[in-house]
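**Q** below are the sequence and a predicted model; questions follow.
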Amino acid sequence: MSHDNSSPDFLQHHFHDVDQQYETAKLGMWAFILTEVLTFGGLFVAYVVYRSWYPEMFVGANLLLDVNKGLLNTIVLITSSLTMVLAVWAIQQKKQKLSLFMLIATFLFAFMFLGIKYLEYSHKFEVGQLPGEYYSYMGPEVAHLNNPHIFFSIYFIMTGLHGLHVAIGMGLIAWLIYATAKGNLHSKYYTPMEMIGIFWHLVDLIWIYLFPLFYLI
Amino acid sequence: MSEHHITPLKTYLVIAGALFCLTAITVWVSYFDFGSLNIIIAMGVATFKATLVALFFMHLLWDDKKNLTMFIMSLMFLGIFITITLLDTGFRGGVNPEVEYPINKRAAFYDSLPLTDTHGNPVDEHGTDSHEGDEDHH
């Protein structure tokens, strides 16, 4: 870098130094994560309330979901979290190429997650396991269930909002791939990669709860 | 502290391995029925996994503690949200005792049906002689 260490070109003028800029960005990111937790929190509350009202129906309706696809998606998402954290680890140690490779892997795993989700959704659309008034599935498994459409309303809104986050994350990771390949991100300045990494791990963290809530119990 | 903390590669791999193992455990356990413990076990494993992700992958363990504080605060407010909502939705049946415990479960109202006598025969509201022969049925 041609600049002296006190004012590198990525340091914005309103920050005192590089550390302050980094810590400020991180605090802002965590404020955003807080709002995300509360956004999903409202839906978790809906889950808890309706589960307390219809405990038998929830136990019966979760058998309609494909545990294998859910498990595969869990493994895909944890692996993508690992590749994301390794991308940050690589760029911290000036391994640009490895970092780029890890970002591309993360992107592909995210794509795979949405692909599996698409297979699950399309099956549910086919048999009519849909939210609210669109629900039309009348198989023998649901004959004794009280209001299974409520389960699918909550399933679709929660996994749908989560899927939207995965799609947004893919867009952000695509931009990271571009910025890293161009050399805009390096071992001295990788703040966007760290922040998008935190966002991506939050997506993983929420799925860690969604998987048992919908597929297992 | 111009150089940020660099976590050893081994740490990340161990954490990812632990996450895979815990996923396998939670799926395996779900094939057994522990009754009401099912939810507690599943949520316990999920919370342990989430803690690993937050502390290691999200770097909260090495970060300035204000970030950890903020994250825990969001979870505390989520706890308040759930608790106070359940205090409402969990006890709605008890607000009106006659709904929870009806005084006479067989009580019913037939105000839209035609009037009948004690034997279930329709009553002609204008005539007085329609039931003269009733005694013959017994």
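**A** That came through, no problem.

**Q** is stretch A:38-50 up against chain B anywhere?
**A** Yes: interface with chain B: stretch A:38-50 contributes A:L38, A:G41, A:G42, A:F44, A:V45, A:V48, A:V49 (CB under 8 Å from any CB of the partner chain). Every residue, glycine included, has its C-beta placed from N, CA and C.

**Q** outside of that stretch, which residues touch it?
**A** The list of residues contacting stretch A:38-50 from outside it, by CB atoms under 8 Å, 6 or more residues apart in numbering or on different chains, reads A:58, A:150-151, A:154, A:157-158, A:161-162, A:206, A:209, A:213, B:74, B:77-78, B:81-82, B:85-86, B:89.

**Q** dump the residue contacts of B:G90.
**A** Applying CB under 8 Å, 6+ apart to B:G90 gives the contacts A:S52.

**Q** what's the helix-or-strand element of chain A with minimal mean pLDDT packed up against?
**A** Sorted by mean pLDDT, DSSP states H and E, the helices and strands of chain A end with helix A:55-61, the least confident at a mean of 91. Contacting helix A:55-61 under the criterion 3 or more CB pairs under 8 Å, 6 or more residues apart in numbering or on different chains; DSSP states H and E are the following elements: helix A:148-182.

**Q** check which helices and strands the helix it packs on sits against.
**A** Secondary-structure packing of helix A:148-182 (3+ CB pairs under 8 Å, 6+ apart): helix A:18-53, helix A:55-61, helix A:67-92, helix A:96-127, helix A:191-211.

**Q** lowest average pLDDT across those helices?
**A** Of all the helices and strands packed on helix A:148-182, mean pLDDT reaches its minimum on helix A:55-61 (a mean of 91).

**Q** hmm, back to that, mean neighbour count for the helices and strands packed on helix A:148-182 - can I get that in a markdown table?
**A** Formatted as a markdown table, those follow (neighbours: other CB atoms under 10 Å in any protein chain shown):
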| stretch | mean neighbour count |
| --- | --- |
| helix A:18-53 | 17 |
| helix A:55-61 | 18 |
| helix A:67-92 | 22 |
| helix A:96-127 | 17 |
| helix A:191-211 | 22 |
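
**Q** identify whichever of those helices lies nearest to A:M170.
**A** Between A:M170 and the helices and strands packed on helix A:148-182, the shortest separation by CB to CB is 4.7 Å, and it involves helix A:96-127.

**Q** and the closest one with helix A:67-92, angle?
**A** Here the directions of helix A:96-127 and helix A:67-92 differ by 160 degrees (axes from the mean of the first three to the mean of the last three CA atoms, to 10 degrees).

**Q** can you show me the helices along chain B?
**A** B:9-29, B:37-52, B:65-89, B:97-100 (DSSP state H).

**Q** buried residues, the longest one. List them.
**A** What that stands for is helix B:65-89. By 16 or more other CB atoms under 10 Å in any protein chain shown, the buried positions in helix B:65-89 come out as B:N67, B:L68, B:M70, B:F71, B:S74, B:L78, B:F81, B:I82, B:T85.

**Q** so which residues make contact with that helix?
**A** A:26-27, A:30-31, A:33-34, A:37-38, A:41-42, A:44-45, A:48-49, A:52-53, B:54, B:60.

**Q** returning to what we had before: pull the most distant pair out of the residues of stretch A:38-50 next to chain B.
**A** Largest separation among the residues of stretch A:38-50 next to chain B by CB to CB: A:L38 and A:V49, giving 16.3 Å.

**Q** same list (the helices of chain B) but as CSV, adding mean pLDDT and distance to A:I75.
**A** Putting those into CSV (pLDDT from 0 to 100; distance: least, CB to CB, whole Å) gives the following:
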stretch, mean pLDDT, distance to A:I75
helix B:9-29, 95, 7
helix B:37-52, 94, 12
helix B:65-89, 95, 25
helix B:97-100, 57, 47
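
**Q** got the contact list for A:A181?
**A** By CB under 8 Å, 6+ apart, the neighbours of A:A181 are A:L100.

**Q** again, but for the one 4 residues further on
**A** Contacts for A:L185 were tallied using CB under 8 Å, 6+ apart; they are A:I91, A:S99, A:L176, A:A179, A:P192, A:M193.

**Q** closest one of the residues you listed to A:V85?
**A** A:M193 (10.3 Å).

**Q** these two touch, right, that closest one and A:L86?
**A** No: the pair A:M193 / A:L86 is not scored as a contact, 11.3 Å apart, by CB atoms under 8 Å.

**Q** quick one: buried residues of stretch A:126-144?
**A** A:Q129, A:L130, A:P131, A:Y135, A:Y137, A:V142.
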